[in-house]
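A.B. asks: Let me see the structure of the following:
(chains A, B, C and D)
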Amino acid sequence: MILIPGRSSKQGTSLNAGKLKEEYQTVTSTIEMNESTMRKLGLSAGDRVRLSCATGKVEVECGKPRKDEDLPDGMIFIPYGPSSSELMESDTAGSGMPMSKQMVVDVECLGAN
Amino acid sequence: MSETKTPEAEKDEPNIRIVEDATCTFCGCVCDDMELTVDLDANRITKAKNACVLGRAWFLQHGIEDHPQAMIEGREVPLEEAMDEAARILHEAKFPITYGLSDSPCEAQRVAVAINDLVRGNIDTTTSVCHGPSGIAFQGVGESTSTLGEVKNRADLVIYWGGNPAESHPRHFTRYTVTPKGRYIPNGKKDRYVVLIDVRKTPSAPVADQLIRVKPGRDFELLWALRALVRGRDIDPDIEEITGVSREVLDELVERMKNCNFGVLFFGMGLTMTRGRHFNSGALLALATDLNKHTHFVAKPVRGHGNVTGADNVVSWQTGYPFGVNFHRGYPRFNPGEYTTVDLLARGDADAALMIATDPASNFPKHAIEHLKKIPVISLDAKPTYTSRQARVAFMVATYGINTGGTVYRMDDVPITLRPAFDSPFPTDEEVLTGIHTRLKKLRANGRKKAA
Amino acid sequence: MHTELELTTAPEVPIEAECLSPAKIKGLSQSGIEHLVMMHGNRKVRVGDFFRVTGNGQSSLRLEGDLSRVKYIGAGMKEGEVRVNGSAGMHLGAGMSGGVIRVSGDASDWVGPEMSGGRIEVMGDAGHMVGSAYRGQRVGIMGGEILIHGNVKNELGSAMRRGLIAVGGQAGDFVGVNMRAGTIVVMGGMGIRAGAGMVRGSIISFEPVELLPTFTYSCWLRPTFLRFYLCHLGQSGFEIDDDHMGGRYRRYCGDSVEENRGEILVFDSR
Amino acid sequence: MAENGTELRIKGGKVYDPANGIDGEVRDVLVRDGRIVDKVSGKARTFDAHGMVVMPGGVDIHCHIAGPKVNLSRKLQPEDHRLDVHPATDVTRSGVGGVTPSTFATGYRYATLGYTAAFDAAVPPLAARHVIEEFHDTPVIDKGFYVLLGNNMFLYDLLKQGRKQDFKDAIAWWVTAARAAGVKLVNAGSDEFWKGRRNENVTDVNEEIDPFDLTPLQATAAFIEAVDELNLPHPTHIHCNNLGHSGNVQTTLDTMKSAEGHRAHIAHIQFHSYAGEPGKRVQTGSEAIIDYINNNENITTDIGMVMFGKATAMTADAPLTWMLRFKDTKWVNADTECESGCGVMPFEYQDTNYTHTMQWAIGLELFLLSQDPWRVMFSTDHPNGASFRTYPRLIRLLMDRGFRSEMMGRVNQKAIKNCLLPQLDREYTLSEIAIITRAAPARALGLVNKGHLGVGADADITIYTDDENRERMFNAPRYVIKAGKPIIEDHEFVDDHIGRFLHTEPEHDPAIEDQIRPFFEDYYSIQFNNYRVDASYLHDHEVIPLRNSGNKKKGNK
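C.D. replies: Numbers count the residues shown, from 1 in each chain, chains lettered A, B, ... in the order given. Okay, here's the model as predicted:
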């Protein structure tokens, strides 16, 4: 699966309240996938999910499914934050930029919250 | 410094002030048409007319928190003591780094560079993890670009690539690029054709006349194919299989680009943060330049932070390089991948860090964060963050654009003066940095005396 | 006869040591070498602060220990030899125009930038930007040889103008990007987007390669010039089997965004 | 500024102060409180200048040293900076050099050539704030800029509507709002061709610019007249149309003629003195151009000389850089809404190249044929013709016939055969050099206290060791004194200095704002109230007095 961290309005507005506040933490540890992908993985909204890669692993919550045309199969969206950092490789390939928008991760369902 | 108008209303409600033409520094759009209603008693902004959803949150949720101005290891200390300690740390470090700066006004950024020049440190800005790759690409191919007003006045073809302004820059479409009427675009959106190129159908999609979905990680191939077609060269017939975009769609896009009157390509981090990084940006910049053989065409990265563009400018004019600058040898050197912050932390090179209005502890790669925990950190923040929480010296500073004045640069390099809404009990980052700089000068002079 | 320097104190922060080059130590006494200046972060330090020096300045220099945080070893070298028994830091052999550098372990990023002659051999892996131009520069290495026996990462030989780069293992993305001329041989496979923007030059791969849509198949051939190169590489310690030596290669030309005068040769069959 | 009471006596030097008729006379120069005075006390610090040459500090009338285009060029060329570093000292900041140095290096390096003032020649009003911010970080020298109005949409609308008074008021408003020292036109009328017509350019100055019903020449004439009538200290500073094209002599003559008795300054005229057929080889047109200037006192000019080596094309004339672009050279185009275009491109002048050699020769020819050094001034249009660091070499070329012919032997011979340079024997005197690099630019800019060493002048003084090799001499002044403060002593920096910002404030009807505001709200992308550069940016500044307004001085000092 490919994890794509990005900005969202909610992440942006919760940032203003403060990063150490609950809202920001919730927003940045909730992932989105499309309906088919969720079905394939047997996930439903609210489930706990473990994402892992060579760099690290992290537990997040599965958000509401997105329409299939909005998000391609096999792709996971997450707002930037501490959870995405945990999985991010630090090699920048001589650019200063870690590969922060295209991360290959394994997904494991941990069951309902 | 800046003018604020006191409306008639003030006579009845003396605690309310209206600030007209204030600037929102939340994102790189830097909209300067805010009308802020300020409750001076409560130290709050109660209304932010013209602000978008992000801007409203930026203004309305801003309050003065009850928090010490300065702390050392979590213990409240006088400001002076914290500045002494910060200066001592930077003075003693063999590889002090400074990072952040894109949520500070230029006046503070200038002092930050001066500090690094003095201590022979290393300065980098958040550019290195947003459009740093575009900066590297720029050094390779240049850029045809324009201010946003020119897009509003002339652009009849607007293409967004790998960005989602509807969520990240909500007023980009409405204030600058799509809906506004311009000098040669009398009917606004009707006179423009808008194309969105992305891997997913983002909330920005509804504004577009055409959505082109590229396979994830295939932006470079698509851009490269477009460049070849614009130059009248051959490409692989299997292009649809490679990129997810058919040859017909490509040909149509190429014709559209060559035949518009004034085209613009905006691009976001969908290009800079994915495999290929600076080459993705470079391909897009080169495509825009190539198109100038046919018509007028410009490209522009959509920048994130309120004054990240100012940081690029200040660091460039003081050092000659836009980010990732090292002063170990008494003069600036530049090498992304070597002097950029993620690398310096992940490799364990830095032995002290000055973090200005940024929170690497929450958004850097894990290995970088781990090293940050091992070295003394000085933080300047307007709100508590993961970084300030673990900093050895933590300063709480006033919020730029709301509590402080100064200059910021919009994403298109247009400088704008801030109009603060109300005072803050916290010092500005410029004041804290100047305090540290002054102390460092004394420490250096004493060091020289001792040596002599 | 050689001069030996053993790293006895691990640096706290990276060291920059362009003085670790034959021309800089030649003719110096042992204490003269110990007094040579290096940068340790932003501090000036002496070679003797970190290295145990044995012997006086010879044209052959042997470095012992983990030098992965020591940058600019052999920079600007014109002649002589540097052997690193261990790993070497960034900018190994930067700007060298002659002589030989051998590293028994790994090398970091930027091996041989701005090189115009001489040879760098790395027995282990190397990082990104091997044999590449620095940012902003339009022309990369102008000559010489870089031989990496292990793997390398991205941007191998970017903008190179002349010379030979060979990699025994795998290479990352953008091999030979913006290449002007010269030859790159990669034996263990390479990442995507090889030859992007190449003007001239040859990239040879023993493994199948995913090519950009701006490269087109032109023909197959058994390139004679390659035999010479591979014989030479065989003598330099690379294992070259006969299939690759005399085999058939598919030739793709590109980059069509440029003048289409570069080539990528991909081994096909024997 | 030096502390009150600081006194200096520069003793026994050969003084070149052409504005006061002093030509190499041995005399003392006295300084107190940052100014030249006629008496100092016995406590004055004495500099022994015996055998040395004393001149006022140099004034660069046309260069590009600050603002967006310069910063783009800096960002664009890391490879150029890397090879020319500028380390910090105990008193100065660090930086990088190359063709477009960082701000600190720019200031210090001007100072090390004996220059104490420089004017950036092309600033869009929208970028004025940026330029002034960079000026704060450009040490030692005083600085100012000319604001780009030659493609200003609103002003063109006014011209189209025939609103002459409003046009004048609007120019004055823009100069004041941007805090400029003068008005600049660049390739007048070309923006509509470039941005609006798919990268075309003006070719004929008598062709109408759609949609303004007006030709580039008419627009130019209107600006020249208005600026003169506004009594700006410096006349309209003009980059003519057709820069760099063979056969542009006629355009340049037409432009000068359009001034019709009004003052006008033609910038970097070397680039506008090309005979020959358009699209064909450049021939020298220096005689025709300089004849006109010699005979018409309303015209001043700077030459914009070319010197071989690295340069960077950097101009509001974007179509020019596009024309010069060779293969896939990195190239920057940057449009500023309603105001200007901009092109930046690294460039190298090669002595083996016919055209480049011709350009080099034409610059020298113009100087050697000039009859009035007070109107034909020194510049390289830094960094377009060459870096300002080539000034000493160019000065030697003007002063040293032997050096000139030696160099002529090493460059493209076809060009040398085709030009006038070999026939010209003139050698500039030190006094003439002092005029073209100091006294004349100061006078043309209306800087009454600069460019000379009379009582009351700013104590900006350079002291050179007299040396027959004029390149060596002008490359390293022994002492540089800025505003009465010694900055360089025995070739070393002993102090830092921020320099002053120079601008002017023409009178105008404030009601013009009501005309500009609606246009602004429609077509600009920032708020009108955020456009003017407010006083907080000025710091240490001085208002250059208008002509005919006596010697009034304003400013915070």
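
A.B. asks: just for the chain, where's the confidence low?
C.D. replies: Just going to use chain A. Along chain A, segments meeting pLDDT under 70 span A:113.

A.B. asks: I was thinking of chain D, sorry if that wasn't clear
C.D. replies: Low-confidence regions of chain D, defined by pLDDT under 70, span residues D:1-4, D:549-557.

A.B. asks: what's the closest residue to chain A within it sitting at in phi/psi?
C.D. replies: Here chain D gets closest to chain A at one residue, D:P78, 13.4 Å apart by CB to the nearest CB. All C-beta atoms are positioned from the backbone trio N, CA, C, and that covers glycine. Dihedral pair for D:P78: phi -60, psi -30, per degrees, to the nearest 10.

A.B. asks: Quick check: the spatially closest residue to it that is not a sequence neighbour vs A:D106, distance?
C.D. replies: What sits nearest to D:P78 in space, not counting adjacent residues and going by CB to CB, 6 or more residues apart in numbering or on different chains, is C:G136, at 3.9 Å. According to CB to CB, to the nearest Å, C:G136 and A:D106 sit 39 Å apart.

A.B. asks: ok, those two, which is more surrounded?
C.D. replies: C:G136 (21 against 10; other CB atoms under 10 Å in any protein chain shown).

A.B. asks: what does the stretch 101-250 of chain B have sitting close to chain D?
C.D. replies: Contact residues (CB under 8 Å from any CB of the partner chain) of the stretch 101-250 of chain B with chain D: B:106, B:110, B:114, B:117-118, B:135, B:138-150, B:152-154, B:175-176, B:181-184.

A.B. asks: Quickly check: stretch C:11-26 near chain B or not.
C.D. replies: Yes. Shown here: stretch C:11-26 in contact with chain B (CB under 8 Å from any CB) through C:12-14, C:16.

A.B. asks: Please apply the same query to stretch D:203-218.
C.D. replies: No. Counting by CB under 8 Å from any CB, no contacts exist between stretch D:203-218 and chain B, the nearest distance being 9.1 Å.

A.B. asks: can you give me the offset of that stretch from its chain's centre?
C.D. replies: The chain centre lies 27 Å from the centre of stretch D:203-218; the measure is CA atoms, centre = their mean, to the nearest Å.

A.B. asks: sorry, back to before: wait, the residue of chain D closest to chain A touches D:D84, no?
C.D. replies: No. Using CB atoms under 8 Å, D:P78 is not in contact with D:D84, being 11.5 Å away.

A.B. asks: quick one: which of the two has more around it?
C.D. replies: D:P78 (24 against 18).

A.B. asks: what about the more buried one, distance to D:L369?
C.D. replies: Distance, D:P78 to D:L369, by CB to CB: 41 Å.

A.B. asks: before we move on, what about B:G182?
C.D. replies: According to CB to CB, B:G182 and D:L369 sit 49 Å apart.

A.B. asks: more neighbours, these two?
C.D. replies: Shown here are B:G182 and D:L369; by other CB under 10 Å, B:G182 has more neighbours (25 against 18).

A.B. asks: Give me the phi and psi for that one.
C.D. replies: Dihedral angles (degrees, to the nearest 10) for B:G182: phi -130, psi 180.

A.B. asks: what sits opposite it in the beta ladder?
C.D. replies: Beta-bridge partners for B:G182, by DSSP bridges, are B:I185.

A.B. asks: With B:T404 instead?
C.D. replies: Beta-bridge partners for B:T404, by DSSP bridges, are B:Y400.

A.B. asks: how close does it sit to B:H131?
C.D. replies: In this structure, B:T404 and B:H131 are 25 Å apart, going by CB to CB.

A.B. asks: so what's whichever residue of chain D sits closest to chain B up against?
C.D. replies: Nearest residue of chain D to chain B, counting by CB to the nearest CB: D:E337, 3.0 Å away. The neighbourhood of D:E337, defined by CB atoms under 8 Å, 6 or more residues apart in numbering or on different chains, consists of B:146-150, B:152-153, D:126, D:523-525.

A.B. asks: of all the residues you listed, which comes closest to B:Y193?
C.D. replies: B:K152 (15.3 Å; CB to CB).

A.B. asks: Let's verify the residue nearest the centre of chain C: helix, strand, or coil?
C.D. replies: Centre of chain C computed as the mean C-alpha position; nearest residue by CA atoms, centre = their mean is C:I146, 3.6 Å away. At C:I146, secondary structure determined by DSSP: H, G, I helix; E, B strand; the rest coil is strand.

A.B. asks: could you list every residue that touches it?
C.D. replies: Each residue near C:I146 by CB under 8 Å, 6+ apart is listed here: C:111-112, C:115, C:119-120, C:122, C:130-131, C:163-166.

A.B. asks: With C:G247 instead?
C.D. replies: Contact analysis of C:G247 by CB under 8 Å, 6+ apart lists C:222, C:267-270.

A.B. asks: Which pLDDT value belongs to C:I101?
C.D. replies: Per-residue pLDDT puts C:I101 at 98.

A.B. asks: Doesn't the residue nearest to D:P78 lie inside a helix?
C.D. replies: No. Per three-state DSSP, C:G136 lies outside any helix segment and is coil.

A.B. asks: Tell me which of the residues of the stretch 101-250 of chain B next to chain D fall in helices.
C.D. replies: Judged by DSSP state H, those include B:106, B:110, B:114, B:117-118, B:135, B:138-141, B:148-150, B:152-154 as members of helices.

A.B. asks: Report the two of the contacts of C:I146 separated the most.
C.D. replies: Using CB to CB, the pair of those lying farthest apart is C:V122 and C:G163, separated by 15.4 Å.

A.B. asks: more crowded one of the two?
C.D. replies: C:V122 (29 against 25).

A.B. asks: can you pull up the bridge partners for that one?
C.D. replies: Counting by DSSP bridges, C:V122 forms beta bridges with C:V103, C:I148.

A.B. asks: can you pull the contacts of it?
C.D. replies: For C:V122, the contacting residues are C:88, C:92, C:102-103, C:106-107, C:111, C:146-150, by CB under 8 Å, 6+ apart.

A.B. asks: packing partners for whichever strand or helix holds D:A313?
C.D. replies: Per DSSP states H and E: D:A313 is located in strand D:309-315. Counting contacts by 3 or more CB pairs under 8 Å, 6 or more residues apart in numbering or on different chains; DSSP states H and E, strand D:309-315 packs against helix D:68-76, helix D:318-324, strand D:343-349.
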